[in-house]
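[1] model the following, please.
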Amino acid sequence: MAALRYAGLDDTDSEDELPLGWEQRTTKDGWVYYANHTEEKTQWEHPKTGKRKRIAGDLPYGWEQETDENGQVYFVDHINKRTTYLDPRLAFTVDDNPTKPTNRQRYDGSTTAMEILQGRDFTGKVVVVTGANSGIGFETAKSFALHGAHVILACRNMSRANEAVSLILGEWAQCV
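    Presented below is the predicted three-dimensional model:
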């Protein structure tokens with residue numbers, strides 16, 4: 001807290017308050033990391049929230065970033081004529097949790113295998129489908145075959161399996 005107060009940043013967010021023995025630091029390119037002095041380890045995620053953070057924006061007006069003779073980055077406040085190793089932008093960090101694409105498809109009981117596999121190419125893939133001579137197994141085998149997969153039909157009845165193969169090949173011939 002004394003370092004924050006010295007840098008003119010004595011207002012802290014209690015959610016981001018660090019446990020005893022921890023310190024928040026930054027890399028030269030603006031990533032925030034956390035030093036655990038008790039266990040002598042560092043990590044990218046905040047020890048309480050589990051979030052990654054990065055510095056947002058430029059240094060405040062009147063501030064300058066310098067490097068000392070040991071390669072440590074420090075900051076010069078020309079307005080108040082003082083220096084600190086604490087980045088003044090730490091008060092304005094932003095969460096950097098990459099968002100996953102939200103293109104997840106939702107399916108229900110009326111969704112067909114063809115709809116699920118739409119846009120996918122299974123060329124060169126080998127697929128084994130059990131019960132492929134009827135019902136869900138047949139529709140699944142047909143869909144994989146129409147999407148380029150080499151499909152192995154695992155069936156108990158050889159004549160019904162041959163019939164299923166004929167139907168799939170007939171539909172495949174119509175598509176080509």
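[2] could I get the full set of strands for this protein?
    Along the chain, the stretches classed as strands by DSSP state E are 22-26, 32-36, 41-43, 53-55, 63-67, 73-77, 82-84, 93-95, 126-130, 150-154.
[3] among these, which is the most enclosed?
    The highest mean neighbour count among the strands of the chain, using mean count of other CB atoms under 10 Å, belongs to strand 53-55: a mean of 19. Where you see a C-beta, it was placed from the backbone N, CA and C, and this is true even at glycine.
[4] elements contacting that strand?
    Identification of packing neighbours for strand 53-55 by 3 or more CB pairs under 8 Å, 6 or more residues apart in numbering; DSSP states H and E yields strand 32-36, strand 93-95.
[5] and with 6 Å instead?
    Using 3 or more CB pairs under 6 Å, 6 or more residues apart in numbering; DSSP states H and E as the contact criterion, no secondary-structure element is in contact with strand 53-55.
[6] how far away is the nearest residue to Asp68 once chain neighbours are set aside from Pro60?
    In space, not counting the residues next to it along the chain, Asp68 is nearest to Tyr74; the distance is 5.9 Å by CB to CB, 6 or more residues apart in numbering. Shown here: Tyr74 relative to Pro60, a distance of 15 Å by CB to CB, to the nearest Å.
[7] quick check: mean pLDDT of the longest helix belonging to the chain?
    Secondary structure of the chain per DSSP state H: the longest helix is helix 158-175. Mean per-residue pLDDT for helix 158-175: 86.
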